[in-house]
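Participant: Next input, structure requested:
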Amino acid sequence: MKTRLSIALFATAVSLACGPALAQKVRLATSQGDIVVELDKEKAPKTVDNFLQYVKAGHYDGTIFHRVIESFMIQGGGMKADMSEKSTRSPIPLESRNGLSNVRGAISMARTSDPNSATSQFFINVKDNQRLDQANAPDGNGYAVFGKVVAGMEVVDKIKAVPVGDKAGHQNVPTTPVTINKATLEK
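Facilitator: Alright, predicted model coming up:
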């Protein structure tokens, strides 16, 4: 019993000491430069697993940031430059009650008015948007934050400032596509 307790205590100590260092990171190599996001699997496990499945499958490669609002966020992960949508897996349950906030640099899942409709599309907040947090959201649901930008916020700022217009029935589309060339897991 004493040995099992010692092993459990040691494992807990290692986990606490190394937890943040072991956090999963994903590099989004875009046409404007690289953005690295650190994912919070502890607070948003289903959302992080979903995002990582899309990364591993190569889903994000060749998609664009199709919605850019300079004073709000940049959204991507689901459309090609011709504004056609890529096929997705089934939606995931909303994890917005996880204590993470839609602050500048936070990455969150995009969804429709159905709280449990997120698939592959995500957005990066370019300013503090706590009105999107579950506690402040008019619909009572909010948007699930699942990580944060840890490198390349200057790239996010470059993307938020690109000229936008209307295209194929969508608003706030960059006039020159901003492409995610490749999404890769960081070691």
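Participant: Does the residue nearest to the spatial centre of the chain fall in a helix, a strand, or a coil region?
Facilitator: Centroid check for the chain by Cα atoms, centre = their mean gives Ile107 as the closest residue, at 3.7 Å. When classified by DSSP: H, G, I helix; E, B strand; the rest coil, Ile107 comes out as strand.
Participant: quick one, what contacts it?
Facilitator: Going by Cβ atoms under 8 Å, 6 or more residues apart in numbering, Ile107 touches 37, 122-125, 145-149. For the C-beta atoms, the positions are set from N, CA and C on the backbone; glycine is no exception.
Participant: Pull the number of nearby residues for Gln32.
Facilitator: 20 (other Cβ atoms under 10 Å).
Participant: And the helices in the chain, which stretches?
Facilitator: For the chain, helices defined by DSSP state H occupy the ranges 2-18, 45-56, 153-160.
Participant: which residues of this protein score low on pLDDT?
Facilitator: Scanning the chain for pLDDT under 70 picks out the ranges 1-22.
Participant: Swap in 50 and give it another go.
Facilitator: The chain contains residues with pLDDT under 50 at 3, 5-21.
Participant: re earlier: quick check: bridge partners of the residue nearest to the centre of the chain?
Facilitator: Taking DSSP bridges as the rule, Ile107 bridges to Ile124, Gly147.
Participant: what residues does stretch 160-169 touch?
Facilitator: With Cβ under 8 Å, 6+ apart, stretch 160-169 has contacts from 32, 68-70, 74, 82-83, 126, 171-176, 178.
Participant: neighbours of Leu28, just the number please.
Facilitator: Counted with other Cβ under 10 Å, the neighbours of Leu28 add up to 27.
Participant: Quick check: it vs Pro91, distance?
Facilitator: With distances defined as Cβ to Cβ, to the nearest Å, the gap from Leu28 to Pro91 amounts to 22 Å.
Participant: Please tell me how far the residue nearest to the centre of the chain sits from Leu100.
Facilitator: According to Cβ to Cβ, Ile107 stands 10 Å off from Leu100.
Participant: overlap in contacts of those two?
Facilitator: Shared contacts of Ile107 and Leu100, counting by Cβ under 8 Å, 6+ apart, come down to 145-146.
Participant: Quick check: end-to-end length of stretch 157-167?
Facilitator: End-to-end distance of stretch 157-167 (Cα to Cα, to the nearest Å): 22 Å.
Participant: List the buried residues of that stretch.
Facilitator: 159-160, 162, 164, 167 (16 or more other Cβ atoms under 10 Å).
Participant: Of those, which pair is most distant in space?
Facilitator: Lys160 and Lys167 (17.6 Å; Cβ to Cβ).
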